[in-house]
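Student: Give me the fold of what follows.
(chains A and B)
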Amino acid sequence: MKNIADLIFPDVKLTPEDLEKKYPKRDLKDGACVTRFAPSPTGFIHLGNLWSTLIGERLAHLSGGVFYIRLEDTDQKREIEGATRGIFNFLKNFDLNIDEGFQQGGEVGNYGPYIQSERMEIYRVYAKKLVSEGKAYPCFCSPEELDKIRENQAAVKENTGYYGKWAKCRDLSFEEIKNKIDNGESYIIRFKSFGDENKRIAVNDLIKGLLDPPENIRDELVLKSDGLPTYHFAHVVDDYLMRTTHVVRGEEYLSTLPVHVQMFEALGWQSPHYMQHAHLLKRDGESKRKLSKRKDPELALDYYGKTGYIPQCLKEYIMTLLNSNYEEWRLANPHEDLNNFDFTVEKLSPSGALFDLNKLNDISKNYISLLSSDEIYNYVKNWAEIYDEDFYKILEENQKYAKDILSIGRGGEKPRKDITFIREVKNYMSFFYEELFEPDYKMPEVFEKKPEITEDIIKKIAEDYINIYDSNDDSTAWFDKIKTLAGKYNFASDMKLYRKNPQDYKGSVADVSMILRIAVCGRQNSPDMYDVFKIMGKERIMKRLERFIFRNE
RNA sequence: GGCCCGUUGGUCAAGCGGUUUAAGACUCCGCCCUUUCACGGCGGCAACACGAGUUCGAUUCUCGUACGGGUCACCA
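Tutor: Model (predicted):
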């Protein structure tokens, strides 16, 4: 036996033909896209994941294709605890429907295993094939030796990498290899590049357009010393066998594209369509930069969960960045399901976008404003259950009260838009609850510019109101009483008259309203006062007014 | 540094050689509406990175420069 492939892979019995038969071409209609979500369990899920995933998911489902998930766990050193849980939560929270792949209860689909560490046997079949055809070889260089090579290359200003005369193990004889293996030397499998740096390849990226980078000349790794494949090799083998039609990934892969193209060629396969999108950027001083996992907490999707952004809003926001006509569509169809939007690849921008919190906030406000009080109540309750136990209890205790509060200004033609994210809701609602009520009266400072509105008058107005408030009044009667009260102290009850001759009055009915608002709510902002008072109930309002009147004593 | 990608207002972007006095959305500002705060309505500020070339004509095509980003791992 003088065959290197058999020497290295004596245990490999399967053949490429077997695998070809086991994973046949998918029976899908013309134009159906097969895409995948291929996370590695080495970190948290971030906006970039959402970006790629959304493209892949839309592409597959809009074309009647398949969207599957494959776990890229070939870097076992960096694997972190709980990462797969994060992945499942992500898919669930963002309502991204997976058709096949690895799932919590096991695997679904005929193209598995969908976990790379369980596909060793498959990778070895093709690694063996490459070796037997002289397209790959074992390399015995240690990491230290490789460092040394890089250093030497730097010294003579040559490009780094394992190639040409630097590739020491490229042409080892069968005997040399056998001796080293018999000596127990560890090795990796390298791809034997057949590229010419003076030639260029032509690849059409569906986002970036026609690309013509130089051919790859480096002998990249195929299998690592632990026997697991590198990203390059796993990508080629898996996306071929799983019959992926479109590979959606970040533009950081642009530079390794020649390697992948070459591997596909060496295995005699046609490469899939590539869609390599730009990154989400962040403003950093004067310039922009890629959002960084280390420095930018807002990159992690968890961050939005904590703040109480609804996943759907993040999706909406990303959609506006993906397809610029999405916004227009959403404006015309405020209640339509996002999935009914006619997403197109052509609209994907080749350049990176700066993450814009203002825009997200705007989308979020609009989205939340359209929720029913039941819906928002559930969002708030679910959020509080995780992040604010005390608030959760309060919400649970009297559901009707909470829902009534949340229903103010909701449901009409012009809903209020004062909630940007769920975490704000506690503060928004707090003055309705004695245990959360922390008044900030700022009185009479609020009326700094109207010195005639004295503490004495403010107090009198509050006192009078105790006697006239009637919870049975309808909104007209309710407001008429405030107007009457205004007139009593020479505050204008008609805003138009007041604006014409402000000097004739101490203030206006708006000021009287403000006094009552602050006295009852302890703040200058609140939704419609008539509704607020009605929900609070007479007893509570009376207590609040008293508390206000005697606040300095 | 080599290689690759990108560059329209503060932000996202429309534009695919003339119909553009360059859309729209967000932010900011002003006015109106209004019992407050919002909402809503109306209006305003504000851009084709720079230099050559191709062309009758360039935001649109080509090249260069600048700037920004990515990548050069037994990470993906």
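
Student: Please, where are all the helices along the stretch 201-350 of chain A?
Tutor: For the stretch 201-350 of chain A, the helices defined by DSSP state H, counting those that start in this stretch cover A:231-241, A:257-266, A:301-307, A:311-322, A:326-332.

Student: Could you figure out how far the first one is turned away from helix A:257-266?
Tutor: So the one you mean is helix A:231-241. 50 degrees (axes from the mean of the first three to the mean of the last three C-alpha atoms, to 10 degrees).

Student: quick one: contacts for the residue nearest the centre of chain A?
Tutor: The residue lying closest to the centre of chain A (C-alpha atoms, centre = their mean) is A:L47, at 3.6 Å. Residues near A:L47 by C-beta atoms under 8 Å, 6 or more residues apart in numbering: A:L280, A:L291, A:E298, A:L299, A:L301, A:L314, A:I318, A:F355. Where you see a C-beta, it was placed from the backbone N, CA and C, and this is true even at glycine.

Student: repeat for A:L211
Tutor: A:L211 is in contact with A:A202, A:V203, A:N204, A:D205, A:L254, A:L257, counting by C-beta under 8 Å, 6+ apart.

Student: Then A:Y489?
Tutor: Taking C-beta under 8 Å, 6+ apart as the test, what A:Y489 contacts is A:I457, A:K460, A:I461, A:K506, A:V512.

Student: residues in the stretch 151-300 of chain A within reach of RNA strand B, list them.
Tutor: Counting by C-beta under 7 Å from any atom of the strand, the residues of the stretch 151-300 of chain A lying close to RNA strand B are A:157, A:159-161, A:186, A:188, A:208-209, A:211-214, A:221, A:224-226, A:228, A:230-232, A:251-256, A:278-279, A:281, A:283, A:287-290.

Student: which among the residues you listed end up buried?
Tutor: A:161, A:188, A:208, A:211, A:221, A:228, A:230-232, A:251, A:253-254, A:256, A:278-279, A:281, A:290 (16 or more other C-beta atoms under 10 Å).

Student: that older thread, just name the lowest-scoring one in the contacts of A:L47, pLDDT-wise.
Tutor: Among the contacts of A:L47, A:L291 carries the weakest pLDDT, at 74.

Student: Look up how far A:K92 lies from the spatially closest residue to it that is not a sequence neighbour.
Tutor: Distances taken as C-beta to C-beta, 6 or more residues apart in numbering place A:L299 nearest to A:L291, at 4.4 Å, with adjacent residues excluded. Using C-beta to C-beta, to the nearest Å, one gets 20 Å for the distance from A:L299 to A:K92.

Student: quick one, which of these two is more surrounded?
Tutor: Neighbours per residue (other C-beta atoms under 10 Å) separate A:L299 from A:K92, with A:L299 holding more: 22 against 12.

Student: still on that earlier bit, which of the contacts of A:Y489 has the largest number of neighbours?
Tutor: When neighbours are taken as other C-beta under 10 Å, the top entry among those is A:V512 (28 neighbours).

Student: Just confirm that one contacts A:F491, I think it does.
Tutor: Yes. Shown here, A:V512 and A:F491 form a contact pair, counting by C-beta atoms under 8 Å, at 5.4 Å.

Student: so where's the stretch 51-200 of chain A shaky on pLDDT?
Tutor: Of all residues in the stretch 51-200 of chain A, none has pLDDT under 70.
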